[in-house]
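> Got a predicted model here, sequence first, then my questions.
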Amino acid sequence: MSESTRQILILGSGAREHSIADAILRFDSARRVVVAPGNGGISGAGLSSQPVDLANHAQVIELARSLAVELVIVGPEAPLCDGIVDSLEEAGFAVFGPSKAAARLEASKAFLKSFAARHRIPTAAFEIVTSFAEAEAAILRRGAPIVVKASGLCSGKGVVVATTVEEALAAAKSMLVDRIFGAAADEVVLEDCLPGTEASVFALSDGERFLVLPPFRDHKRLLDDDRGPNTGGMGVVGPVEELSAETLSRITSEIIEPTLAGMRKEGAPFRGVLFAGVMIDANGVPSLLEHNVRFGDPECEALMSLLEGDVLAALEGCATRSLNPDLLSIPQGRHAAVVILAAEGYPMNPRSGDLIQGLEQAERLGAKVFHAGTARNGEGLVTKGGRVLAVTACGSSREAARAVAYAAADVIQFRGKQLRRDIGAQ
Ligand code: AMP
Ligand code: GLY
């Protein structure tokens, strides 16, 4: 196969994976990208979806072989924490994403907190408990507000910021006695509640070299004014501009660099994208809330829409330990807005099967629509639960990007469509 027809395999099924594929094809339209399992809407010139069970490593390797792929890019956390990168590398593939050992940064908050303490990375004071009796004693001693975190993966639902002791005890009981998260809450982290504003900072790394990308900020709650239940993320406008250069440089030197150096020292060099969730206090001092070991969704859709340069070469450089940090940039003054359209009933009880209309009209307005919970139904596209679409637009100001994204979001129709109206509002 010639250089220009190399196939790229992206594992995952959401708007995040769609946006990575789009960035690769924008730079080089001769590429061929397969997203697996993908979804009903990820298709187009050079782009297709193929079914695969990400939990079945043999099946994933088989697919990668049959496509003769050049690079595998892993989108979501579950297969990373489950060691899909190790399996694919053993089978001889170049893979963008951390090994299972490096993915512990996200797979275990207990590991992350102890790691941060070992490497003097600023983070909230904490303790780790494994029984309700221990939790109760610690909560009564520490008082409220206090943050109660299931250690393992809980699709973003395992953290309770408790404003009262009663609330904290109830959260600890649900995790350690009622076991609502099963083994993911065998260990529970109790930590001090930090005041400040949050930012998501992404750093690409090949284990040694790294490239810090501009920060973004997600809107986690379902409803306007940060009300309603937590979700995977309802939208983003960025990059976040109000962080000073000094704060950004502290995030790099006090959080990103020591994390990468610490992982090297502990024999699990981190290759892939490190996503630091950071709290910044009133004096601009950053603390680490959590690390994720993948791109955020919807942050990724904004980032990929803005990046200029050869995204594929940068991700491949991370995989092959040869990252050139100068490959990518975001042009000064460019902004992106992502508005998520979610299914009726999301996040508790999302409906499926509703016909989606207006996609072409939305793109004619200048937006790019990335697909998450969509499926083909004959000629049409229908919802398939959860977050359905990520409507994304770029502009020369936040307002310009927001205006296009919202205009496009409004012409897309499906029954019970949910969206926030205040994404990126000042
Ligand atoms: P995490 O998954 O650990 O980032 O937690 C999810 C969310 O809970 C974060 O995005 C914060 O909004 C909040 N959170 C987590 N830890 C703390 C903390 N120590 N203080 C205040 N808020 C927190
Ligand atoms: N948008 C937050 C996340 O992907 O975890």
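Cool, got the structure. Ligands and ions are numbered 1, 2, ... in the order given.
> Report the separation between the residue nearest the centre of the chain and ligand 2.
The central residue of the chain, meaning the one whose C-alpha is nearest the mean C-alpha position (CA atoms, centre = their mean), is residue 296 at 1.7 Å. Residue 296 sits at a distance of 4 Å from ligand 2 (criterion: CB to the nearest ligand atom, to the nearest Å). Backbone N, C-alpha and C define where each C-beta goes, glycine included.
> for that residue, helix, strand, or coil?
Here residue 296 is recorded as coil under DSSP: H, G, I helix; E, B strand; the rest coil.
> Burial check on residue 91, number of neighbours?
Counted with other CB atoms under 10 Å, the burial measure for residue 91 works out to 16 neighbours.
> what's near enough to touch it?
Going by CB atoms under 8 Å, 6 or more residues apart in numbering, residue 91 touches 61, 64, 65.
> same question, residue 113
Under the criterion of CB under 8 Å, 6+ apart, the neighbours of residue 113 are 123, 126, 128, 189, 191.
> element containing it?
If you go by DSSP states H and E, residue 113 is part of helix 109-118.
> and the next element down the chain from that helix?
Following helix 109-118 in sequence order, the next helix or strand is strand 126-129 (DSSP H and E).
> Does ligand 1 have contacts with that next one?
No. Strand 126-129 stays clear of ligand 1 (CB under 6 Å from any ligand atom), getting no nearer than 8.1 Å.
> and stretch 74-81, average pLDDT?
If you average the pLDDT over stretch 74-81, you get 98.
> Pull the residues that contact it.
The set of residues external to stretch 74-81 that reach it, using CB under 8 Å, 6+ apart, is 10-14, 16-17, 20, 54-55, 60, 84-85, 95-98, 100, 103-104, 106-107, 153, 272, 292-295, 297.
> circling back: highest neighbour count among the contacts of residue 113?
Highest neighbour count within these: residue 189, with 23 neighbours (other CB under 10 Å).
> got the contact list for the helix or strand containing it?
Here residue 189 sits within strand 188-192, counting by DSSP H and E. By CB under 8 Å, 6+ apart, the residues outside strand 188-192 that reach it are 109-110, 113, 123-130, 135, 138-139, 142, 146-151, 168, 172, 175-176.
> I'd like to check the angle between that strand and helix 109-118, please.
Following axes from the mean of the first three to the mean of the last three CA atoms, to 10 degrees, one obtains 50 degrees for the angle between strand 188-192 and helix 109-118.
> okay, and for the protein, where does confidence drop off?
Scanning the chain with the threshold set as pLDDT under 70 gives 1-5.
> what does it put close to ligand 1?
When proximity is defined as CB under 6 Å from any ligand atom, the chain approaches ligand 1 at 124, 147, 149, 159, 161, 191, 193, 194, 198, 277, 289, 290.
> In a markdown table: those residues, plus secondary structure.
Supplementary listing: these in a markdown table, determined by three-state DSSP:
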| residue | secondary structure |
| --- | --- |
| 124 | coil |
| 147 | strand |
| 149 | strand |
| 159 | strand |
| 161 | strand |
| 191 | strand |
| 193 | coil |
| 194 | coil |
| 198 | strand |
| 277 | strand |
| 289 | strand |
| 290 | strand |
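> just checking: which of those also lie near ligand 2?
Filtering those for proximity to ligand 2 by CB under 6 Å from any ligand atom leaves nothing.
> Nearest to ligand 2 among those residues?
Closest to ligand 2 out of the residues of the chain next to ligand 1 is residue 277 (7.8 Å), distances taken as CB to the nearest ligand atom.
> Quick check: residues of this protein near ligand 2?
Of all the residues in the chain, those lying near ligand 2 are 156, 218, 233, 292, 296, 297, 299, going by CB under 6 Å from any ligand atom.
> For residue 423, which residues are in contact?
Residue 423 makes contact with 219, 234, 235, 236, 237, 337, 338, 339, 402, 405 under the criterion CB under 8 Å, 6+ apart.
> make it 6 Å
Residues near residue 423 by CB atoms under 6 Å, 6 or more residues apart in numbering: 219, 235, 237, 339.
> What of residue 315?
Residue 315 makes contact with 73, 96, according to CB under 6 Å, 6+ apart.
> where does it sit relative to residue 50, distance-wise?
Distance of residue 315 to residue 50, computed by CB to CB, to the nearest Å: 20 Å.
> and whichever strand or helix holds residue 21, what does it pack onto?
Using DSSP H and E, residue 21 falls within helix 15-27. Secondary structure elements in contact with helix 15-27, counted by 3 or more CB pairs under 6 Å, 6 or more residues apart in numbering; DSSP states H and E, are strand 7-12, strand 32-37, helix 299-306, helix 311-319, strand 368-371.
> most packed of the ones you listed?
helix 299-306 (a mean of 28; mean count of other CB atoms under 10 Å).
> Could you check how far residue 334 is from residue 192?
Counting by CB to CB, the gap from residue 334 to residue 192 is 37 Å.
> Tell me which of the two has more neighbours.
The residue with more neighbours, out of residue 334 and residue 192 and counting by other CB under 10 Å, is residue 334; that gives 18 against 14.
> Over to that one: give its phi and psi.
Geometry field for residue 334 lists phi and psi as phi -90, psi 140, criterion degrees, to the nearest 10.
> what's the spacing between it and residue 266?
According to CB to CB, residue 334 and residue 266 sit 38 Å apart.
> By neighbour count, which of the contacts of residue 423 wins?
Highest neighbour count within those, by other CB under 10 Å: residue 235, with 30 neighbours.
> Quick check: it touching residue 340?
Yes. Using CB atoms under 6 Å as the test, residue 235 is close enough to residue 340 to be in contact (5.2 Å).
> overlap in contacts of those two?
Common contacts of residue 235 and residue 340, defined by CB under 6 Å, 6+ apart, are absent altogether.
> Kindly confirm my reading that residue 228 is in a strand.
Yes. Residue 228 sits within a strand when classified using three-state DSSP.
> any idea which element the spatially closest residue to it that is not a sequence neighbour lies in?
Using CB to CB, 6 or more residues apart in numbering and skipping residues adjacent in sequence, the residue nearest residue 228 is residue 222, 3.7 Å away. Applying DSSP H and E as the criterion places residue 222 in strand 221-223.
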